[in-house]
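> what follows is a predicted structure for the sequence shown.
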Amino acid sequence: MTTTTESLTALYAEVQQFHAAQMQALDGGDFDTYSATFTEDGEFEHTPGRPAARTRAGIAEELRGYHRERFADDPVQRRHSFSMLRLAPRPDGAIDATFYCLVITSRPGIRVPEIAPSCTVHDVLVREQGKLLTRSRRVAHDYLSLV
Amino acid sequence: MTTTTESLTALYAEVQQFHAAQMQALDGGDFDTYSATFTEDGEFEHTPGRPAARTRAGIAEELRGYHRERFADDPVQRRHSFSMLRLAPRPDGAIDATFYCLVITSRPGIRVPEIAPSCTVHDVLVREQGKLLTRSRRVAHDYLSLV
Amino acid sequence: MTTTTESLTALYAEVQQFHAAQMQALDGGDFDTYSATFTEDGEFEHTPGRPAARTRAGIAEELRGYHRERFADDPVQRRHSFSMLRLAPRPDGAIDATFYCLVITSRPGIRVPEIAPSCTVHDVLVREQGKLLTRSRRVAHDYLSLV
C-alpha cells in the first residue's frame, strides 16, 4: 500500500463522515453548525441565480432567509443524499470533492417524498488545525445545466 | 494519522460493508441472514406504531409476518438504500450509527419504482468475537416525524 | 486490525472512488474514459435483451450507439447513483462487487427528474499494474427480474 493509497483511504472515510455530519446538521435546521463546517471566509452557492453566500455568519443568515421564504407556510423535512464521491487532493493540501446530490422533501402525512432536483456538487475542502472544512461549495442543478 | 482517525477509517468501511450485506439479505428475502446480523437480544423497530421486534428469532418472525401481510398479493422487489452515514463510537465500544434510508419498491413490468418513504435510521452497533452486530435499530419516517 | 480488515478498508474506499470516477465519466458522455475503466477484453451487459458489449472499443461503440438511439431527440442529463456496495475478494485476486444503482434522468427546465429503473449491478474487478479495472459488469433491472 503506497502512501497515496493510505491517504486516500483515510481521507475518503473522513470526507464521507464530514459530509454526513454537515448535512444532518443542515437537514436538522441547525444552520450554525452547518455554517461552522465552512472556513471563516467560506463560500456557498446553493441555488442558481442567487449570489454565493460568504463567511460563516453570511452562510447561516442566507440559510435562515431562504428557509423562511420557501418553507414558512410549508413545513417540510428535507434530506440531502450524496453519492459517487470523487476526491482529488491538490499539491497544496486542498481537496477537490465532486459528487451527486438528491434533495428529498417529505411533507407531513404524505408518504411519497418529492425527490428533486438532481444536483452535482463541487466542494473545495481544506484542513485547519487538523479538521476538514469546506472553503467553497458550488451546486449545479442538472435540469438547469442542460438548457 | 491518529489512532482515532485510523479507527474511524477502518470502522467506516466495515460498517458500510456490514450494512450492504445486511440489507442485500433483507431485500433478497433472506430474513434469517438478516436477523443473524443482530445480537441475540437485538431490537428492531421498523414501522411506527408497531412494537419493536426482539431477539433474532423474533425479528425473523416479525419480518415474515410483515411481508406476508403486505406483499402476499403484490409481488415486489424492495431495495433499501442508505446514505450519509455518521458514526459515533462510545467509550464502552458500542457505536452509534445515524443515516438516511430510501425504500425503493419495483413491481413487475413497471419501470419507474415507488421511492418511499424517506427515513432516518439510528443503529447501535456492537462487536462480538470481532464481528459487528446490530444491538438495536430504530427507523423514523420523515413524513410522520413532522406531524 | 487483521490484514484482511486492512485490505478491505483500503479496497472499499478505492472501489468507491473508482466507481465515482467511472460513472462521472459515463454521465458526462465521455465514453472513451468509461470504457478505459474496463479490461481490454472487458464485458458490459447494461440492458436486458441486448447482448453484452465486449472489449474497450466495443463498449465505447455500444454506448455511442445506445445514446444516439435513445437520446438524440431528447437531451437529458443522466446520473447513476450507486449504494450498498458489498465486496468479496476472491483467492485469485479478483473482486466481486455487488451494489444497487438508481438511474436519475433530468430534462431541461423540468425540476423533478425521472428516477428509474432501480437496478442491482454485479462487477468483477481485477487489478492490472496496480490499477483497478472492471472485467465484467452485469446490470439486472428490478422491474424485469420479478416477472
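Now that the structure is in, tell me what you want to look at.

> strand partners of the host helix or strand of A:Arg138, parallel vs antiparallel please.
Following DSSP states H and E, one finds A:Arg138 within strand A:131-141. Neighbouring strands of strand A:131-141 in its sheet, by DSSP bridges, are strand A:38-45 (parallel), strand A:110-128 (antiparallel).

> I'd like the ones you listed as a markdown table, with mean neighbour count and mean pLDDT appended.
For the C-beta atoms, the positions are set from N, CA and C on the backbone; glycine is no exception. As requested, these are exported to a markdown table (neighbours: other CB atoms under 10 Å in any protein chain shown; pLDDT from 0 to 100):
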| stretch | mean neighbour count | mean pLDDT |
| --- | --- | --- |
| strand A:38-45 | 18 | 98 |
| strand A:110-128 | 19 | 98 |
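
> adding distance to A:Leu87, write the ones you listed out as TSV.
Output for these, formatted as TSV (distance: least, CB to CB, whole Å):
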stretch	distance to A:Leu87
strand A:38-45	18
strand A:110-128	8
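
> circling back to that earlier point, other SSEs contacting the next helix or strand after the strand holding A:Arg138?
Beyond strand A:131-141 in the direction of the C-terminus, DSSP H and E gives the next helix or strand as helix A:142-145. For helix A:142-145, the elements it packs on are strand A:110-128, strand C:77-89, strand C:95-107, strand C:110-128, judged by 3 or more CB pairs under 8 Å, 6 or more residues apart in numbering or on different chains; DSSP states H and E.

> flag every buried residue along helix A:142-145.
Neighbour-count burial for helix A:142-145, counted by 16 or more other CB atoms under 10 Å in any protein chain shown, picks out A:Asp142, A:Tyr143, A:Leu144.

> over to stretch A:50-62?
A:Ala52, A:Ala53, A:Arg54, A:Thr55, A:Arg56, A:Gly58, A:Ile59, A:Ala60, A:Glu62.

> just the closest of the residues you listed to C:Glu45, please.
Distance to C:Glu45 across the buried residues of stretch A:50-62 (CB to CB) is lowest for A:Ala52, with 43.3 Å.

> now the residue lying closest to the closest one once chain neighbours are set aside: how far from chain B?
Computed as CB to CB, 6 or more residues apart in numbering or on different chains, the closest residue to A:Ala52 that is not its neighbour in sequence is A:Glu45, at 4.1 Å. Distance, A:Glu45 to chain B, by CB to the nearest CB, to the nearest Å: 21 Å.

> contacts only, for A:Glu45.
A:Pro51, A:Ala52, A:Ala53, A:Ser136, A:Arg137, A:Arg138, A:Val139 (CB atoms under 8 Å, 6 or more residues apart in numbering or on different chains).

> hmm, A:Val124 and A:Asp96 touching each other?
Yes - using CB atoms under 8 Å, A:Asp96 is in contact with A:Val124, at 6.2 Å.

> for A:Asp92, phi and psi?
Main-chain torsions, A:Asp92, degrees, to the nearest 10: phi -80, psi 0.

> ok, and the closest non-adjacent residue to A:Leu26?
Take A:Leu26 and drop its neighbours on the chain: the residue closest to it by CB to CB, 6+ apart is A:Tyr34, 4.4 Å away.

> where are the low-confidence patches of chain A?
A:1-6, A:147 (pLDDT under 70).

> partner residues bridging the nearest residue to A:Arg79 once chain neighbours are set aside?
Computed as CB to CB, 6+ apart, the closest residue to A:Arg79 that is not its neighbour in sequence is A:Ile104, at 4.3 Å. Counting by DSSP bridges, A:Ile104 forms beta bridges with A:Arg79, A:Ile115.

> now the residue nearest to A:Arg56 when sequence neighbours are not counted: how far from chain C?
Nearest non-adjacent residue to A:Arg56, counting by CB to CB, 6+ apart: A:Ser35, 4.4 Å away. For A:Ser35, the distance to chain C equals 26 Å [CB to the nearest CB].

> in chain A, which helix has the most residues?
Longest helix of chain A, by residue count under DSSP state H: helix A:3-27.

> only the buried residues of the helix or strand following that helix, if you could.
Where DSSP H and E defines the elements, the next helix or strand beyond helix A:3-27 is helix A:31-35. Using 16+ other CB under 10 Å as the test for burial, helix A:31-35 gives A:Phe31, A:Tyr34, A:Ser35.

> try stretch A:70-77
The neighbour-count check on stretch A:70-77 (16+ other CB under 10 Å) flags A:Val76, A:Gln77 as buried.

> just how off-centre is it within its chain?
Relative to the mean C-alpha coordinate of its chain, stretch A:70-77 is positioned 20 Å out (CA atoms, centre = their mean, to the nearest Å).

> then stretch A:138-147?
Using CA atoms, centre = their mean, the offset of stretch A:138-147 from its chain centre is 15 Å.

> next: stretch A:136-147.
So, by CA atoms, centre = their mean, the centroid of stretch A:136-147 is 13 Å from its chain's centroid.

> contact partners of it?
With contact meaning CB under 8 Å, 6+ apart, stretch A:136-147 is reached by A:38, A:42-48, A:52, A:101, A:117-124, C:75-77, C:79, C:104, C:106-111, C:113.

> returning to what we had before: who does the residue nearest to A:Ala52 form a beta bridge with?
Residues in beta-bridge contact with A:Glu45 (DSSP bridges): A:Arg138.

> rewinding a little: against which helices or strands is the longest helix of chain A packed?
Judged by 3+ CB pairs under 8 Å, 6+ apart, helix A:3-27 is in contact with helix A:31-35, strand A:77-89, strand A:95-107, strand A:131-141, helix B:3-27, strand B:77-89, strand B:95-107, helix C:3-27.

> return the set of buried residues in the last one.
To tie it back to what came earlier, the one meant is helix C:3-27. Those would be C:6, C:8-27, for helix C:3-27 by 16+ other CB under 10 Å.

> kindly report the same for the third one.
Neighbour-count burial for strand A:95-107 flags A:Ile95, A:Ala97, A:Thr98, A:Phe99, A:Tyr100, A:Cys101, A:Leu102, A:Val103, A:Ile104, A:Thr105, A:Ser106, A:Arg107 (criterion: 16+ other CB under 10 Å).
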